[in-house]
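>>> Turn this into a structure:
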Amino acid sequence: MFVRVLGAGAGGGFPQWNCTCRNCQSARDGKPGFTPRTQSSLAVSADGQSWALLNASPDLRQQIAATPALHAKPEHGLRNSPIKAVVMTNGDVDHMSGVINLREAQPFTIYATRRVLGIVEDNSIFRILADNMVPHEELPLGIARPLTGAGVDLGLDCEAFDVPGKIALYLEDASAGPSFGTTSGDTIGLKITERATGKSFFYIPGCAQLDDALKARITGASHVFFDGTLYDDDEMVRAGLMPKTGPRMGHISMSGANGSIATFRDLGIGRKIYVHINNSNPVLDEASQERQTVEAAGWDVGFDGMEVRL
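Numbering: from 1, shown residues only. This next block holds a predicted model:
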């Protein structure tokens with residue numbers, strides 16, 4: 001099974017277009033050790049020929065151009081694509097809006113929970129993807145189902161499961177209290193399994209905390225791609241970038257007693273890879289103490305073009 005990180009950045013990417021924080025300005029100036037990243041997405045394939053995207057970021061056209069395996073092939077005719085399916089983990093703009101890059105009458109299948117499919121179906125901009133070319137398939141929670149698209153069985157099974165998180169920012173309802181209207185199906189993780197070999201990995205790009213159910217689910221996994229948005233809960237507040245903490249945004253931090261570094265420590269996971277990394281996160285500076293701490297704890301910091309083979 002082939003897994004490629006198309007984008008390892010959080011919403012806005014890195015450098016963010018309107019940000020002059022130390023990280024962003026260093027990346028924009030081309031300083032060594034500040035590697036730019038597009039917005040969060042993975043691609044996975046059992047055979048290297050037919051691919052599923054796990055989330056579709058606004059940067060998808062750029063990501064396809066940078067990934068030869070996702071290019072149209074002349075031997076398959078004038079219009080073709082190896083992208084056969086797109087799986088969405090939530091309704092965030094940086095995880096779903098990129099599907100409009102896949103217009104021009106190309107067949108593929110969109111997979112998401114009923115909650116997220118409702119967002120797609122209620123927003124007229126997505127009608128550019130004709131229903132007869134791009135079917136919508138609901139992902140039931142806790143049940144593995146085969147991924148197919150354009151008449152192709154990808155040889156991959158996808159199991160969706162609820163993770164602690166938050167409804168997309170643009171759908172928040174302040175009158176609903178601290179949950180802002182968050183319900184089941186708003187934020188999910190994915191377990192992707194190659195049917196022929198039984199090899200699998202987890203993809204959890206957005207997560208507010210590791211509760212007992214989630215810890216039990218991923219314990220002993222060979223590979224986990226996990227939410228790396230923030231290093232500290234209040235880093236954006238301290239930097240003057242935004243008056244929101246990690247918990248308010250629905251993202252666990254890397255550091256701290258309840259952070260992902262500490263929480264993952266005893267789960268027996270083979271390889272741990274951070275994705276969805278915010279431009280404020282000091283681990284983006286490859287010479288920082290925070291980067292050394294993360295790597296010493298056995299984590300990889302994901303980057304665009306990173307390839308993992310299971």
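
>>> Check this protein for its longest strand and report it.
strand 152-162 (DSSP state E).

>>> Could you check the angle the very next helix or strand once past it makes with strand 152-162?
On the C-terminal side of strand 152-162, the closest following helix or strand by DSSP states H and E is strand 188-194. Going by axes from the mean of the first three to the mean of the last three C-alpha atoms, to 10 degrees, strand 188-194 is angled at 140 degrees with respect to strand 152-162.

>>> which outside residues touch strand 188-194?
With contact meaning C-beta atoms under 8 Å, 6 or more residues apart in numbering, strand 188-194 is reached by 1, 44, 46, 52, 54, 87, 89-90, 113, 139, 141, 144, 155-163, 199-204, 207, 214, 217, 310. Every residue, glycine included, has its C-beta placed from N, CA and C.

>>> From those, list the buried ones, please.
Buried members of those, scored by 16 or more other C-beta atoms under 10 Å, are 1, 44, 46, 52, 54, 87, 89-90, 113, 139, 155-163, 200-204, 207, 214, 217, 310.

>>> What lies in contact with stretch 251-268?
Stretch 251-268 has contacts (C-beta under 8 Å, 6+ apart) with 206-210, 215, 218-221, 224, 226-233, 235, 246, 272, 274, 281, 283, 290, 293-294, 297, 299.

>>> Quick one: mean pLDDT for it?
Averaged across stretch 251-268, the pLDDT comes to 96.

>>> What would it look like as CSV? C-alpha coordinates only.
C-alpha atoms of stretch 251-268 as CSV (Å, rounded to 0.1, in the frame of the first residue of the first chain):
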residue,chain,number,x,y,z
HIS,A,251,-7.4,20.5,18.3
ILE,A,252,-5.3,18.7,20.8
SER,A,253,-1.8,20.2,21.3
MET,A,254,1.4,18.2,21.0
SER,A,255,2.8,19.2,24.4
GLY,A,256,1.5,19.1,28.0
ALA,A,257,0.2,16.3,30.3
ASN,A,258,-2.8,15.8,28.1
GLY,A,259,-1.1,16.5,24.8
SER,A,260,-0.5,13.9,22.0
ILE,A,261,3.1,13.3,22.8
ALA,A,262,2.3,12.2,26.4
THR,A,263,-0.9,10.4,25.5
PHE,A,264,0.6,8.3,22.7
ARG,A,265,3.6,7.3,24.8
ASP,A,266,2.3,4.0,26.0
LEU,A,267,0.1,3.0,23.0
GLY,A,268,2.6,0.9,21.2
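
>>> That stretch: which residues count as buried?
Going by neighbour count (16+ other C-beta under 10 Å), the buried part of stretch 251-268 is 251-255, 259-261, 263-264, 267.

>>> Alright, that wraps it up for me.
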